[in-house]
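Visitor: sequence unknown, structure follows:
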Ligand SMILES: Cc1cc2nc3c(=O)[nH]c(=O)nc-3n(C[C@H](O)[C@H](O)[C@H](O)COP(=O)(O)OP(=O)(O)OC[C@H]3O[C@@H](n4cnc5c(N)ncnc54)[C@H](O)[C@@H]3O)c2cc1C
């Protein structure tokens, strides 16, 4: 069996980001790394978007940036400027190609398909493979998106729709998300936050067809790309006796209120590369506790008052704009936090806190 200094289990977003960071920072000049990944080929499977609140390694994989976004609910809509922190979208195909192209030049890095091929005894192991059982009490952000192309120009390519709640809610939280890449090309997603126990919410194709036809008034289009997924909005408990360092979604890099994960994965990868000499410290990186605390209250409000959530989100963005972006990107200061708390309906948040 082969031995390696480092093993990354799962070569997806987190595994590859970490491999890139380790390689880039020179940590693999005289150390070996195995990436255990089951997929046989890398292709476009995800569209990662986020507010660019800090620099990252993948500026050349950004396919579009926006300075403005819209949030709408029944009867009202607001346009918010985010020119200070652009909203960026990364195509996963470009991301995979960039990393694989770079790390394949280093002979100390090997891709393998099966963990049984390696002796893990003396290695530092990073794990992003989530084999946890589905817990029906937890919330998930689940969605399906299609990138469509139309014959004529129909989209305002300068403004993305972050959340359009003017749609059926079915006693859960539902919105549409539109990333207009060009005047005739956009990714349109139907997104739910639910506990995944109601399979009827998954008639995604029908939801997309209805929205495109009845709301966007687009009658004919071709579909270039489809993405579907479910992001767990819950925390995974780590075994304190296990030395494995969890990364990615499994490493709790997801914001519980929104599913944003990509930039947290990048920050975690940098932290690991900078602190590799002190393996014990590698488990200490986490999204700051205040965000988990506030996000959990938010999910409780969602559980108890789903019908109030479209308005809560609308007010969150329309009344606190720049603070809300910093808050969702883990960069809010005390004034941002206070402003957000002041603008929320206090009574239902307090009741949910104690429920
Ligand atoms: C469709 C989709 C869109 C998303 N969009 C955004 C977004 O816009 N913004 C954002 O911030 N976050 C987004 N996320 C959330 C998050 O950024 C992604 O889920 C991200 O890919 C998480 O990275 P990861 O490495 O934890 O998981 P993954 O990227 O899923 O990587 C896990 C890897 O493990 C491999 N694997 C699985 N089983 C095994 C096994 N037994 N042995 C070896 N390898 C195995 C898989 O093939 C995969 O490559 C999105 C998620 C999804 C699903």
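Guide: Perfect, I can see it now. Source: prediction; values computed, not measured. Numbers count the residues shown, from 1 in each chain.

Visitor: CA atoms for contacts and neighbours, from now on please.
Guide: Will do.

Visitor: tell me which element residue 301 is part of?
Guide: helix 289-304 (DSSP states H and E).

Visitor: which residues are contacting that helix?
Guide: Residues from elsewhere that reach helix 289-304 (C-alpha atoms under 8 Å, 6 or more residues apart in numbering): 139, 173, 255-257, 308-309, 330, 348-349, 352-353.

Visitor: please redo it, this time with the cut-off set to 10 Å
Guide: The contact list for helix 289-304 (C-alpha atoms under 10 Å, 6 or more residues apart in numbering) reads 138-139, 171-173, 193-195, 233-235, 254-258, 286, 305-310, 312, 327-332, 337, 341, 348-355.

Visitor: a helix runs through residue 318, doesn't it?
Guide: Yes: Residue 318 forms part of a helix when assessed by DSSP: H, G, I helix; E, B strand; the rest coil.

Visitor: which residues sit in contact with the residue nearest to it when sequence neighbours are not counted?
Guide: In space, and not counting its chain neighbours, residue 318 is closest to residue 78: 6.4 Å by C-alpha to C-alpha, 6 or more residues apart in numbering. By C-alpha under 10 Å, 6+ apart, the residues touching residue 78 are 69-72, 314-315, 317-319.

Visitor: any chance of those residues in JSON lines, plus neighbour count?
Guide: Putting the contacts of residue 78 into JSON lines (neighbours: other C-alpha atoms under 10 Å) gives the following:
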{"residue": "69", "neighbour count": "21"}
{"residue": "70", "neighbour count": "20"}
{"residue": "71", "neighbour count": "26"}
{"residue": "72", "neighbour count": "22"}
{"residue": "314", "neighbour count": "21"}
{"residue": "315", "neighbour count": "18"}
{"residue": "317", "neighbour count": "21"}
{"residue": "318", "neighbour count": "18"}
{"residue": "319", "neighbour count": "17"}
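
Visitor: got the residues you listed as a markdown table, with pLDDT and distance to the ligand columns?
Guide: Putting the contacts of residue 78 into a markdown table (pLDDT from 0 to 100; distance: C-alpha to the nearest ligand atom, whole Å) gives the following:
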| residue | pLDDT | distance to the ligand |
| --- | --- | --- |
| 69 | 97 | 15 |
| 70 | 97 | 16 |
| 71 | 97 | 17 |
| 72 | 97 | 19 |
| 314 | 95 | 20 |
| 315 | 92 | 22 |
| 317 | 92 | 18 |
| 318 | 92 | 21 |
| 319 | 88 | 23 |
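
Visitor: and for residue 327, the neighbour number?
Guide: Number of residues near residue 327 (other C-alpha atoms under 10 Å) recorded here: 17.

Visitor: and the contacts of helix 289-304 near the ligand, which?
Guide: Applying C-alpha under 6 Å from any ligand atom to these, one finds that nothing falls near the ligand.

Visitor: among these, name the ones in strands.
Guide: If you go by DSSP state E, the contacts of helix 289-304 have 173, 193-194 in strands.

Visitor: can you pick the most crowded of those?
Guide: Using other C-alpha under 10 Å as the neighbour criterion, residue 193 leads those with 25 neighbours.
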